[in-house]
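Enquirer: Give me coordinates for this.
(chains A and B)
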Amino acid sequence: MNRIWFIMVVGSIACLIWTDPANVLNSMIDASAEALTLSVELCAVYAVWLGVLELVEASGLGEKLAKLLHPLIKKLFKIDDLQTEKMIALNMSANILGLGNAATPMGIEAMKRLDDGSGVATPAMIMLIVLNATSLQLLPNTVIGLRTSAGSASPADIILPTIIATLCTCLLGICLVKLFNHLREKVSKRSKK
Amino acid sequence: MSAYIIPVIFIALFCYAKCKKVNCYDTFVKGAKKSVPLVIDIFPYIATIMIAVALLRVSGITSMLAYVFSPIFNLLGIPSELIELVLLRPFTGSGSFALLNDVLLTYGADSYISRCACVILGCSETIFYVTTVYISQTKVKKLLYAIPIALICAVFGSVLACLLCRIM
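Expert: Numbering: from 1, shown residues only, chains lettered A, B, ... in the order given. Predicted structure coming up:
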């Protein structure tokens, strides 16, 4: 992350020195203001979803959902901790419903619980990141909304290709993570010997 | 149809909680209270990544990259009008939705290009943003292969999206 950010920022500023030096600070502050607006919006979204989440937890539904998804989560993450499983189950459910923003607080909580403090991402953490980064969402609500307002005749006809594509990317992601986790285990075993 | 899903889930949840003798009001407040510290914790991460993205766009590097990559994208079957969208998608959600809106208005909402753009956006995520926010509260510094895999999936998704739009 550090390296990527450094390259992005230094490269861009170097370019701007040639083309438009006055704009550097302005656009940085604009972006930061945009981030602030986004955060305020997110704060509102999270307040609603964390309230709902607390209800899900308190009513015992979280555990039920976790039990329901237990075989899947067990297979994907190889963990055995009910609280973490609960968070992952809720994170995945929110993602599937197309509520990426609602999934974030649960995802963060799950990541915190998966962290072993070594500074290196554990296999389960990588799985969670890739699952969230490939977005298994079945209802592309925002996209359909934009299409409707742009005057599409049948705004929902992208749902089917979207679902197929998203399922395929998700499966590919899972397979690749599994493969690399497996390789990683082998390498670390070999280095221990 | 999909508009009913959330309200129905909410009603079911509230009634279920009530049956389980949960104090809905108190519990909701307890959860909502967590949102402010959470947002304060992740704001710096959001701001930092958005600053980098804004600089990339203003400097014209993205359009330069779009030009450089266009042969590769053509080979993969992604229309060259969508290269900037594919390149920016991993970094910014709001930015890529703004780009999608441009595409929809420029080429017409039902054109092949617009439909590709919609499916590409629908099957991808803001990889760098998600990753930054998710690891922001942990001690992780090394992500190993997480980002490369996510990026491979994103490229694969874009190619597949354009293919699917051609046949469906």
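
Enquirer: quick check, the lengthiest helix in chain B touching chain A?
Expert: Longest among the helix segments of chain B by residue count, using DSSP state H, is helix B:35-58. Yes: contact of helix B:35-58 with chain A (Cβ under 8 Å from any Cβ of the partner chain) involves B:35-36, B:38-39, B:42-43, B:46-56, B:58. All C-beta atoms are positioned from the backbone trio N, CA, C, and that covers glycine.

Enquirer: Please, a PyMOL command that selects the buried ones among those?
Expert: Buried members of those, defined by 16 or more other Cβ atoms under 10 Å in any protein chain shown, are picked up in PyMOL with:
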select buried, chain B and resi 35+38+39+42+43+46+47+48+49+50+51+52+53+54+55+56+58
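
Enquirer: other SSEs contacting the longest helix of chain B?
Expert: helix A:2-19, helix A:23-58, helix A:100-114, helix B:127-135 (3 or more Cβ pairs under 8 Å, 6 or more residues apart in numbering or on different chains; DSSP states H and E).

Enquirer: What are the buried residues along the first one?
Expert: Neighbour counts using 16+ other Cβ under 10 Å place A:Met8, A:Val9, A:Ser12, A:Cys15, A:Leu16 of helix A:2-19 among the buried residues.

Enquirer: Same question for the second one.
Expert: Neighbour-count burial for helix A:23-58, with 16+ other Cβ under 10 Å as criterion, is recorded at A:24, A:27-28, A:31-32, A:34-35, A:38-39, A:42-43, A:45-58.

Enquirer: what does the third one give?
Expert: Counting neighbours by 16+ other Cβ under 10 Å, one finds that the buried residues in helix A:100-114 are A:100, A:102-111, A:113-114.

Enquirer: Could you export those as JSON lines, including pLDDT and distance to chain B?
Expert: Converted to JSON lines, these look like this (pLDDT from 0 to 100; distance: Cβ to the nearest Cβ, whole Å):
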{"residue": "A:Gly100", "pLDDT": "74", "distance to chain B": "7"}
{"residue": "A:Ala102", "pLDDT": "81", "distance to chain B": "10"}
{"residue": "A:Ala103", "pLDDT": "87", "distance to chain B": "9"}
{"residue": "A:Thr104", "pLDDT": "88", "distance to chain B": "6"}
{"residue": "A:Pro105", "pLDDT": "89", "distance to chain B": "6"}
{"residue": "A:Met106", "pLDDT": "89", "distance to chain B": "11"}
{"residue": "A:Gly107", "pLDDT": "91", "distance to chain B": "5"}
{"residue": "A:Ile108", "pLDDT": "91", "distance to chain B": "5"}
{"residue": "A:Glu109", "pLDDT": "90", "distance to chain B": "8"}
{"residue": "A:Ala110", "pLDDT": "91", "distance to chain B": "9"}
{"residue": "A:Met111", "pLDDT": "92", "distance to chain B": "5"}
{"residue": "A:Arg113", "pLDDT": "90", "distance to chain B": "9"}
{"residue": "A:Leu114", "pLDDT": "89", "distance to chain B": "8"}
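
Enquirer: Need the outlier residue of chain B, farthest from its centre.
Expert: The C-alpha centroid of chain B is most remote from B:Lys21, which lies 38.0 Å away (Cα atoms, centre = their mean).

Enquirer: And for B:Tyr145, the neighbour number?
Expert: Per other Cβ atoms under 10 Å in any protein chain shown, the neighbour tally for B:Tyr145 reads 18.

Enquirer: what's near enough to touch A:Ala44?
Expert: B:Ser35 (Cβ atoms under 8 Å, 6 or more residues apart in numbering or on different chains).

Enquirer: count of neighbours near A:Leu139?
Expert: 19.

Enquirer: what about it, is that helix, strand or coil?
Expert: For A:Leu139, the reduced secondary structure class is coil; criterion used: DSSP: H, G, I helix; E, B strand; the rest coil.

Enquirer: Tell me who's in contact with the closest residue to it other than its chain neighbours.
Expert: Spatial nearest neighbour of A:Leu139, chain neighbours left out: A:Gly98 (3.9 Å); criterion: Cβ to Cβ, 6 or more residues apart in numbering or on different chains. A:Gly98 sits next to A:Gln137, A:Leu138, A:Leu139, A:Pro140, A:Asn141 when contact means Cβ under 8 Å, 6+ apart.

Enquirer: Quick check, pLDDT for the closest residue to the first one other than its chain neighbours.
Expert: Across the structure, with Cβ to Cβ, 6+ apart as the measure, the residue nearest A:Gln137 apart from its sequence neighbours is A:Gly98 (4.4 Å). The pLDDT attached to A:Gly98 in the predicted structure is 72.
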